[in-house]
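J.: got a predicted model here, sequence first, then my questions.
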Amino acid sequence: MRASIIKYEPLDGGAAAQRAGSRLATSLTLAAMSLGVVQLDVTIVNTALDAMGKSLGGGIAELQWVVSAYTIAFAAFILTAGALGDRIGAKRIFMSGFAIFTAASLACAMSPNAAALIAARLVQGLAAAILVPNSLALLNHAYADDRARGRAVAVWAAGASLALTAGPFVGGALITLVGWRAIFLVNLPIGLTGLWLSWRYASETTRSRSREIDLPGQLAAIAALGTLAGAIIEAGALGWSHPAVIAAFVASAAFAVLFVWRESRIVQPMLPLSLFRHRLFTLTTIVGLLVNIAIYGLIFVLSLYFQRINGLSAWWTGLAFVPMMGAVLPVNLLAPRLAERIGSCPTIVVGACISALGCLGLLWTEAGTSYWAIFAQMIAISGGLGLLVPPLTSTLLGSVDKARSGIAAGVLNATRQTGSVLGVALFGSLVASDSAFMMGLHQSLIISAAVLLLAAAVIGFGANAPDAKA
């Protein structure tokens, strides 16, 4: 008996050490996935819009393209990136995304003109498309338990929120001290850190060699989204009835129909339409689209409001956004606990309604309005966003088999980034004229509130169906 005990203890100690090592690797994998470099480039670039416009020339339309080039590539390529992760392995694809993002950031910093910057932003968006779905696939692989996965996703969202929070402050400081090009150079150490952590600690996912890449579908998706964004952006300068704008809308609709037709006929589509047979999956993707239309279009307009209407510098504009973005982080961490108490879908409804109320509270904003008069409303907008994103993401991932987690995450993020493209394009077109800027801002706020309330209604009523429990 004693001999057996002596023999047993080293084995138990080794197993304990192995479990501790596994927990460390899982934690550092989560750290690599949560660096938030993709989200950092959202707010840090918005802070630099005025400085880039003065340096490179061009009006609001060019600035819209600087923002939208990133999100168009992000939205258009994200489904293929998820499929590549399923086929080749999420770790390999994720690391290549970090490498491309880092190189593209350097190209952005060195851009001699607006055209070169827009092209580099397209490559950045491609890399962002690679990073996001595969980071979620790696998290889904690392955390088998639903509850642990939900909390890991909350940390992932918190990392994104922290990047969103730091973006305006860091961007404003860098622009003031160094210049707008420095906002892209800050991505270099982040990218190198992410590469090392991923290579050292992340575990590769199961590969599906049978997973094919749908190139015709990919091209149709790029064409549909690009022409739609172009039509909305140029409508602000040319007018909604201009022949070129109308032609772009028609082309976008034709490419969209072609995309759906293609996806419905091939064996392995880029966007498996069968996913939408699950009501809860469909609801979360719709909500993701609507929320990003409202929030990210509004961030673009508010950035211009602070700088061009109220005359704030990049530094003070960055500081103005810090409380708004900072509210997202603590709410992200509280969201899973609230979802455990009242359910994921009710939590999403509450978050969308809070953000909508914040938008309505800004309707009385005028040129020269005190920052402190709109402070609480901005906190409400961002707090509502922070409340709904973790349960939205976790609910969608939980609605599909783990083998399809890469493509499922890709669908959610493709729809969300499509919403960002449409929001920036639409709201930017409403404020394209300096003389009508405030009218455009008020119209943007009304649209944002309506869209957020629609998102709440979609998930609130739709989740009561028998196959949509959360």
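T.: Nice, I can see it. Quick caveat, the model's predicted, so the values are computed rather than measured.

J.: quick one, helices of the stretch 201-350 of the chain?
T.: Secondary structure of the stretch 201-350 of the chain by DSSP state H, counting those that start in this stretch: the helices cover 215-238, 243-265, 279-304, 314-326, 328-342, 344-361.

J.: export the last one as PDB, just CAs?
T.: In PDB, the C-alpha atoms belonging to helix 344-361 read as follows (Å, rounded to 0.1, in the frame of the first residue of the first chain):
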ATOM      1  CA  SER A 344     -28.800  36.700 -23.400                       C
ATOM      2  CA  CYS A 345     -31.600  38.100 -25.600                       C
ATOM      3  CA  PRO A 346     -33.100  40.300 -22.900                       C
ATOM      4  CA  THR A 347     -29.600  41.700 -22.200                       C
ATOM      5  CA  ILE A 348     -29.200  42.600 -25.800                       C
ATOM      6  CA  VAL A 349     -32.600  44.300 -25.800                       C
ATOM      7  CA  VAL A 350     -31.700  46.400 -22.700                       C
ATOM      8  CA  GLY A 351     -28.300  47.400 -24.300                       C
ATOM      9  CA  ALA A 352     -29.900  48.500 -27.600                       C
ATOM     10  CA  CYS A 353     -32.600  50.600 -25.800                       C
ATOM     11  CA  ILE A 354     -30.100  52.300 -23.600                       C
ATOM     12  CA  SER A 355     -28.000  53.300 -26.700                       C
ATOM     13  CA  ALA A 356     -31.200  54.500 -28.500                       C
ATOM     14  CA  LEU A 357     -32.100  56.800 -25.500                       C
ATOM     15  CA  GLY A 358     -28.600  58.200 -25.600                       C
ATOM     16  CA  CYS A 359     -29.000  59.100 -29.300                       C
ATOM     17  CA  LEU A 360     -32.400  60.800 -28.600                       C
ATOM     18  CA  GLY A 361     -30.800  62.700 -25.800                       C
END
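
J.: okay, and for the stretch 101-250 of the chain, where does confidence drop off?
T.: The stretch 101-250 of the chain contains residues with pLDDT under 70 at 144-146, 149, 157, 161, 164-165, 201-203, 205-212.

J.: so which of the helices of the stretch 201-350 of the chain gets nearest residue 45?
T.: For residue 45, the closest of those is helix 279-304, at 9.1 Å, according to Cβ to Cβ. In this view, the C-beta of every residue, glycine as well, is placed from N, C-alpha and C.

J.: what mean pLDDT does that closest one get?
T.: Averaging the model's pLDDT scores along helix 279-304 yields 90.

J.: could I get the helices of the stretch 201-350 of the chain as CSV with mean neighbour count?
T.: Compiled in CSV, the helices of the stretch 201-350 of the chain are given as follows (neighbours: other Cβ atoms under 10 Å):
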stretch, mean neighbour count
helix 215-238, 21
helix 243-265, 15
helix 279-304, 25
helix 314-326, 22
helix 328-342, 19
helix 344-361, 24
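
J.: can you redo the ones you listed as a markdown table with distance to residue 100?
T.: Formatted as a markdown table, those follow (distance: least, Cβ to Cβ, whole Å):
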| stretch | distance to residue 100 |
| --- | --- |
| helix 215-238 | 17 |
| helix 243-265 | 25 |
| helix 279-304 | 23 |
| helix 314-326 | 26 |
| helix 328-342 | 27 |
| helix 344-361 | 33 |
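
J.: of those, which is nearest residue 105?
T.: Here helix 314-326 is closest among these (Cβ to Cβ), at 18.6 Å.

J.: and the angle from that closest one to helix 279-304?
T.: 160 degrees (axes from the mean of the first three to the mean of the last three Cα atoms, to 10 degrees).

J.: tell me what helix 314-326 is packed against?
T.: helix 37-47, helix 49-56, helix 146-177, helix 279-304, helix 371-398 (3 or more Cβ pairs under 8 Å, 6 or more residues apart in numbering; DSSP states H and E).

J.: picking that back up, wait, which of the helices of the stretch 201-350 of the chain is closest to residue 189?
T.: Nearest to residue 189, of these and by Cβ to Cβ, is helix 314-326 at 19.7 Å.

J.: dihedrals phi and psi, residue 369?
T.: phi -60, psi 140 (degrees, to the nearest 10).

J.: count the neighbours of it for me.
T.: The number of residues packed near residue 369 is 15, by other Cβ atoms under 10 Å.

J.: for residue 441, see how far away it is.
T.: Distance of residue 369 to residue 441, given as Cβ to Cβ, to the nearest Å: 11 Å.

J.: residue 360 now?
T.: 13 Å.

J.: and what of residue 351?
T.: 23 Å.

J.: ok so, going back, dump the helices and strands packed on helix 314-326 into JSON lines; add distance to residue 339 as well.
T.: JSON lines is the format used below for the helices and strands packed on helix 314-326 (distance: least, Cβ to Cβ, whole Å):
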{"stretch": "helix 37-47", "distance to residue 339": "21"}
{"stretch": "helix 49-56", "distance to residue 339": "35"}
{"stretch": "helix 146-177", "distance to residue 339": "7"}
{"stretch": "helix 279-304", "distance to residue 339": "13"}
{"stretch": "helix 371-398", "distance to residue 339": "4"}
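
J.: which one of the ones you listed lies closest to residue 319?
T.: When the helices and strands packed on helix 314-326 are ranked by proximity to residue 319, the top entry is helix 146-177, at 6.4 Å, counting by Cβ to Cβ.

J.: which residues does the next helix or strand after the closest one contact?
T.: For helix 146-177, the succeeding helix or strand toward the C-terminus, using DSSP states H and E, is helix 182-185. Residues lying outside helix 182-185 but in contact with it, judged by Cβ atoms under 8 Å, 6 or more residues apart in numbering, are 44, 45, 47, 48, 105, 106, 108, 109, 170, 171, 174, 175.

J.: could I have helix 182-185 exported to PDB, CA atoms only?
T.: Extracted in PDB, the C-alpha atoms of helix 182-185 (Å, rounded to 0.1, in the frame of the first residue of the first chain):
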ATOM      1  CA  ALA A 182       2.300  58.000 -35.800                       C
ATOM      2  CA  ILE A 183      -1.200  56.600 -35.200                       C
ATOM      3  CA  PHE A 184      -0.300  53.700 -37.600                       C
ATOM      4  CA  LEU A 185       3.200  53.100 -36.300                       C
END
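
J.: cheers, nothing more for now.
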